[in-house]
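> predicted model and sequence below, questions to follow.
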Amino acid sequence: MNSRTTAPTSTQQTVGLHIERLVAYALRNGLIEPLDADAARNALLDLFGLSEPPDLTGSANAPGDFSADSLVSLLEPLLDAAAEMGLIPDDTVTSRDLFDARIMGLLLPRPSETAARFRSLVRERGIEAATAWFYKLNIDSNYIRMDRIRKNGYWLHATEYGELEITINLSKPEKDPKEIALLKTLPQSHYPKCLLCKENVGYAGRLDHPARQNLRILPLELQGQTWYFQYSPYVYYNEHSIVFSGEHVPMRITPATFRRLLDFIDRMPHYFIGSNADLPIVGGSILNHDHFQAGRHTFPMEKAPVDEWGEHNREPEVQGGIVKWPMSVLRLRSKDREALLRVADQVLAQWREYSDPEAEIVAYTGDTPHNTITPIARLKDGAYELDLVLRNNRTSEEHPSGIFHPHQELHHIKKENIGLIEVMGLAVLPGRLQQELAQIADILAGRAAYDETALADSGHPLAKHAGWIADLVRVHGTSLSSEAADAVLRSAVGDKFRDVLRDSGVFKDDENGRLAFAKFLRGVGFA
């Protein structure tokens, strides 16, 4: 039967009802203006193959008052209907997400209109009001999936360095086996070149690339070049944003990096901004496109104190000191932007070439460089503050994954690169841990038997944790209350993350490490 029939089916009735509710939602949240409502409705009708909206007058499903409707409650019935009508061919999570973005893309202003509205808000109400509006737009358009993000596990863990933040990432849905098998058959695509390219805006997506019809980005100029600002769809922290180059060029930490960071906070002084390092192992997950991460969040590292401030011997306007932190952080502070940048340039240049074999720091293996920096900038108490985290990506036979990387005994909790977010004290742990920790809690609470032999089998789902579980059982036994078992595990995971950061520090937080760090600081002008 032609879907454009004049006799609406129950599916078409459902579609018509939820289209009306969705248009009302878009109006209520400012995604569209009243003049846009008919065009938005017609675009949605066309998407679902309907030539006109069904007459819902007197129907038990009449729209009524939609003021309490949540976006998820509006989209899910439409996605179900799309699957029933064959518009979502395989009805997997990924395919539903692709269609979800297609729906919401019809309810957004054009990218140029979004940028114009942002600029207008900056002029009329200031930058904080403008970013608040843009952040809400990203949530209301379902680009930021708050329904999923709220599922992430989160807790604080007290350490000698302050409270660390721990999150278990559940906001990225896992692909089912059918999707994974299908991905292997897809031809390789080169458009967009990566997830950070500006060409993602409006892109319909594929099974191996997310849809971006509901993505909006804002242009900004950094050091005379066009960059763009957007929010991360996974928001690991408040107003988690990405600032990316308009060109698909590799990440590089250079003096221009520091200047771009300060350009950004001059424009958005209520945000911090930082960069992942530019080398494998110590860098982020995307090294082929130059970008930063920013946002409105106070990380544990920012709260950490400096043991002792010193004055730079050639730039007296600049203070510097070692941050009390498990990684190796030099904090620079000054109201004089140019003086601060000159000192930062010097630190980078000297660190790139710095070797201290007694501390296992070697700058080069042949022509391969090992030293780089993870920089973070903010405005604080009227001064520029720049944290320079010293990194080294050398490997050894004992530590093939990296000498200054989480060591083997920590890989059962965290094996991935320690990027900017983790450096600042927020652990982003893999979603697999949620179920694994629940199973370990069952052992500690006596709800499941502790079988050391079974756990030693490589096929056991908890095999990677076997040694850790043995330690926990030895200390805490197997008869804890549910609440106590959960508390023990949260604390133990927090300690593991602290140790991850310690492993990643190039100058260790001990007497020898502090002496070695002080030696480097003398070389860059801090007595």
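Yep, it's here. Predicted model only: the values in this text are computed from it and were never measured.

> in this structure L341 contacts L261, no?
No: proximity of L341 to L261 does not meet the contact threshold set by CB atoms under 8 Å, at 9.7 Å. Every C-beta, even on glycine, is put in place using the N, C-alpha and C of the backbone.

> those two: who's more crowded?
Neighbours were tallied for L341 and for L261 using other CB atoms under 10 Å; the higher tally belongs to L261 (26 against 21).

> confirm that the more buried one sits in a helix.
Yes: counting by DSSP: H, G, I helix; E, B strand; the rest coil, one finds L261 located in a helix.

> least trustworthy helix or strand in this structure by mean pLDDT?
For the chain, counting by mean pLDDT, DSSP states H and E, helix 177-183 ranks last in confidence among helices and strands (a mean of 57).

> what's the first helix or strand after that helix?
For helix 177-183, the following helix or strand on the C-terminal side (DSSP states H and E) is strand 218-222.

> quick one: strands adjacent to that next one?
Paired neighbours of strand 218-222 in the sheet (DSSP bridges): strand 225-231 (antiparallel).

> tell me which residues in the partner strand are buried?
Judged by neighbour count using 16 or more other CB atoms under 10 Å, the buried positions of strand 225-231 are 227-231.

> quick one: those as CSV, columns for distance to L220 and pLDDT too.
Shown next, in CSV, are these (distance: CB to CB, whole Å; pLDDT from 0 to 100):
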residue, distance to L220, pLDDT
W227, 6, 98
Y228, 7, 98
F229, 6, 98
Q230, 11, 98
Y231, 14, 98
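
> wait, which of those residues is closest to K136?
Among the buried residues of strand 225-231, Y231 lies closest to K136 (CB to CB), at 10.2 Å.

> pull the contacting residues for the closest one.
Residues near Y231 by CB atoms under 8 Å, 6 or more residues apart in numbering: 134-135, 138, 143-144, 239-242.

> please redo it, this time with the cut-off set to 7 Å
135, 138, 144, 240-241 (CB atoms under 7 Å, 6 or more residues apart in numbering).

> out of these, who's nearest S479?
When those are compared for distance to S479 (CB to CB), H240 wins out at 40.9 Å.

> F507: how many residues sit nearby?
24.

> quick one: what helix or strand has it in it?
Using DSSP H and E, F507 sits in no helix or strand.

> same thing with I166?
Per DSSP H and E, I166 falls inside strand 162-168.

> who does that strand touch, helix- and strand-wise?
Judged by 3 or more CB pairs under 7 Å, 6 or more residues apart in numbering; DSSP states H and E, the packing partners of strand 162-168 are strand 153-159, helix 300-303, strand 426-429, helix 482-504.

> can you give me the angle that strand makes with strand 153-159?
For strand 162-168 against strand 153-159, the angle by axes from the mean of the first three to the mean of the last three CA atoms, to 10 degrees is 160 degrees.

> what lies in contact with strand 162-168?
Contacts of strand 162-168 (CB under 7 Å, 6+ apart): 152-157, 236, 300, 303-304, 425-429, 431, 433-434, 493-494, 497-498.

> could I get the contacts of Y231 as TSV with secondary structure, pLDDT and distance to D36?
Below are the contacts of Y231 laid out as TSV (DSSP: H, G, I helix; E, B strand; the rest coil; pLDDT from 0 to 100; distance: CB to CB, whole Å):
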residue	secondary structure	pLDDT	distance to D36
Y135	helix	98	21
N138	helix	98	19
I144	coil	96	22
H240	coil	97	29
S241	strand	98	27
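
> quick one, which of the residues you listed are buried?
By neighbour count, with 16+ other CB under 10 Å, those hold 135, 138, 144, 240-241 as buried.

> wait, which of those residues is closest to H460?
H240 (35.8 Å).

> which element is the residue nearest to the spatial centre of the chain on?
A centroid search over the chain (CA atoms, centre = their mean) returns Y236, at 4.9 Å, as the residue closest to the centre. Y236 belongs to no helix or strand when assigned by DSSP H and E.

> name all residues that make contact with it.
167, 421, 426, 428.
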